[in-house]
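Engineer: After the sequence you'll find the predicted model.
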Amino acid sequence: AAGHPRAALLLSRQGGPSTFDDAGRLPLHRAAGCGHGEAVEALLRAGESPNAPAGRGSGATALHLAAGRGEARPLGALLQASAHPDVRERHGETALHAAAAAGHVEAVELLLDSKASLEIATNDGRTALHKAMASGEAGTVECLLRRRANVEARTRKGATVLHLAATNGCVGMVSRLVAERADTEAGAGNGCTALHLAASRGFCNVVESLLAAGASTDAVTSQRSTPLHLAVSKGCTEVTCLLLERSCDLEKRTGAGETALHVAARSGHRAAVEHLLQCGAIWDVGMNDGRTALHLAAQSGHLEVSQALLGFRVGLEARDHRGLTALHYAAHFGAVVVVSAALSARLSVLAQLLLASSARPEARTDKGSTALDIAERRGYWQVAGSLLDRSTPDLLDFHC
């Protein structure tokens, strides 16, 4: 090593080949991590172990560092010196994981030619293919697929590489995985399929690719949500249209009994609400607790959604399991959701809208309360004022 200037410098700075620096690295680790092939060769000739782990509990060897750097010469020197390609550092990563995550195709090829295992998983269950896909490294993904990496391997959370490709919106990789017969119906730990993930993020091209491959539009998550539920919750109008064109089930219910219309109304997405109604969504169906889409819009103060629903002549007198109408909800939840004068005024307008659409201010809950009673009790005076203007004399029962 003394015959090589960089190797000699590393040794002199650290006091010897077995001395760790402040970062817990030996001279060989530093040379490999910087991509200095000649220095790595000189240090190996001087007797440094190619498999010595870094300090501070890292567990990384020089091979991990060289693979992450992607330089062929130091990597080749370490492999020729019998560096073990499947040694795992503290997170369970091998050198192949490091090279794949960084997108170093040549390093991946070198490691595989040296019998590195394709299917070793990290502590969280990720194979080299998962790492490459998560990083969006198309060249590395292609290399690993050519070497027959398992496309159905799952992380600890149940994710396949198809889930990762869909999450990242990588339509080319999705198509490539479909060509490799990746299972489009595979559900992750929460039951999400690749279509759920793409739909929830508005990735139209990915959704189209998955639908063309036969992905089910009515697959459900652990919460019983379909891709349509997730698309409308995010206001992804184009994806919503794609799913509806494929005749997905409009009335499929979540565990809470929500249809897509309930979700769109609760989330405040008018365009999705209108599109669902135009496609024949049933507007008066109640959730498990009896709330309709109009209840949810009123509860959240979504004026535009309420207008859209009322434009389709939805029922104003529908009651939840406690006997509350949408007008009761506008009165009751106004004080809860109001955080500014502007929103307070908005909810007052919502109450006026419901009244203008012939909502009955005298309607009482199962406990006998009117919307006016609720608004006054909650201290929601603008809504109370709107209701007071429309109240009948028998409702204004002041006992002196």
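Structural biologist: That came in fine, so what should we check first?

Engineer: Any stretches of the stretch 101-250 of the chain with poor pLDDT?
Structural biologist: Per-residue confidence of the stretch 101-250 of the chain (counting by pLDDT under 70) places no residue in a weak region.

Engineer: Quick check: end-to-end length of stretch 188-204?
Structural biologist: According to CA to CA, to the nearest Å, stretch 188-204 extends 21 Å from its N-terminal end residue to its C-terminal end residue.

Engineer: quick one: buried residues of it?
Structural biologist: Of the residues in stretch 188-204, those buried under the neighbour-count criterion (16 or more other CB atoms under 10 Å) are 188, 192-204. The C-beta positions use only the backbone N, C-alpha and C, and glycine is treated the same way.

Engineer: Dump those residues to CSV, plus distance to residue 261 and secondary structure.
Structural biologist: Conversion of these to CSV gives the following (distance: CB to CB, whole Å; DSSP: H, G, I helix; E, B strand; the rest coil):
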residue, distance to residue 261, secondary structure
188, 26, coil
192, 22, coil
193, 22, coil
194, 25, helix
195, 20, helix
196, 19, helix
197, 22, helix
198, 22, helix
199, 16, helix
200, 17, helix
201, 21, helix
202, 19, coil
203, 23, coil
204, 22, helix
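
Engineer: quick one: what helix or strand has residue 298 in it?
Structural biologist: Residue 298 is part of helix 293-300 when elements are defined by DSSP states H and E.

Engineer: and that helix, what does it pack onto?
Structural biologist: Packed against helix 293-300 by the contact rule (3 or more CB pairs under 8 Å, 6 or more residues apart in numbering; DSSP states H and E) you find helix 260-267, helix 303-311, helix 326-337.

Engineer: what's the angle from that helix to helix 260-267?
Structural biologist: Compare the direction of helix 293-300 with that of helix 260-267 by axes from the mean of the first three to the mean of the last three CA atoms, to 10 degrees and you get 10 degrees.

Engineer: Can you tell me the element residue 76 falls in?
Structural biologist: Going by DSSP H and E, residue 76 is part of helix 72-80.

Engineer: helix/strand/coil for residue 221?
Structural biologist: In three-state terms, and counting by DSSP: H, G, I helix; E, B strand; the rest coil, residue 221 is coil.

Engineer: Please name the nearest non-neighbouring residue to it.
Structural biologist: Spatial nearest neighbour of residue 221, excluding adjacent residues (CB to CB, 6 or more residues apart in numbering): residue 191 at 3.8 Å.

Engineer: pretty sure that neighbour contacts residue 230?
Structural biologist: No: in this structure, residue 191 is not within contact of residue 230 by CB atoms under 8 Å, at 11.5 Å.

Engineer: Return the distance of residue 293 relative to residue 138.
Structural biologist: Separation of residue 293 from residue 138 (CB to CB, to the nearest Å): 42 Å.

Engineer: More neighbours: which of the two?
Structural biologist: Each of residue 293 and residue 138 has its neighbours counted (other CB atoms under 10 Å); residue 293 has more, 34 against 16.

Engineer: For residue 233, see how far away that one is.
Structural biologist: Note on residue 293: its distance to residue 233, by CB to CB, is 13 Å.

Engineer: on that earlier part again, tell me who's in contact with the residue nearest to residue 221.
Structural biologist: Contact partners of residue 191, counting by CB atoms under 8 Å, 6 or more residues apart in numbering, are 219-223.

Engineer: Using the record's assignment, carve the protein into domains.
Structural biologist: Using automatic domain parsing, the domain parsing of the chain gives 1-150, 154-249, 275-400.

Engineer: Model confidence score at residue 16, please.
Structural biologist: Residue 16 carries a pLDDT score of 52 in this model.

Engineer: my bad, should have said residue 334
Structural biologist: Residue 334 carries a pLDDT value of 55.

Engineer: so where do the helices sit in the stretch 151-300 of the chain?
Structural biologist: Applying DSSP state H, counting those that start in this stretch to the stretch 151-300 of the chain gives helices spanning 161-168, 171-179, 194-201, 204-212, 227-233, 237-245, 260-267, 270-278, 293-300.

Engineer: Tabulate the ones you listed (JSON lines), appending distance to residue 87.
Structural biologist: Formatted as JSON lines, the entries for the helices of the stretch 151-300 of the chain read as follows, by distance: least, CB to CB, whole Å:
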{"stretch": "helix 161-168", "distance to residue 87": "24"}
{"stretch": "helix 171-179", "distance to residue 87": "29"}
{"stretch": "helix 194-201", "distance to residue 87": "33"}
{"stretch": "helix 204-212", "distance to residue 87": "36"}
{"stretch": "helix 227-233", "distance to residue 87": "41"}
{"stretch": "helix 237-245", "distance to residue 87": "44"}
{"stretch": "helix 260-267", "distance to residue 87": "48"}
{"stretch": "helix 270-278", "distance to residue 87": "51"}
{"stretch": "helix 293-300", "distance to residue 87": "54"}
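
Engineer: nearest to residue 309, of the ones you listed?
Structural biologist: Between residue 309 and the helices of the stretch 151-300 of the chain, the shortest gap by CB to CB is with helix 293-300, which sits at 5.1 Å.

Engineer: ok, how many other residues are close to the spatially closest residue to residue 196 that is not a sequence neighbour?
Structural biologist: Leaving out its chain neighbours, the residue that sits closest to residue 196 by CB to CB, 6+ apart is residue 227, at 5.1 Å. By the criterion of other CB under 10 Å, residue 227 has 34 neighbours.
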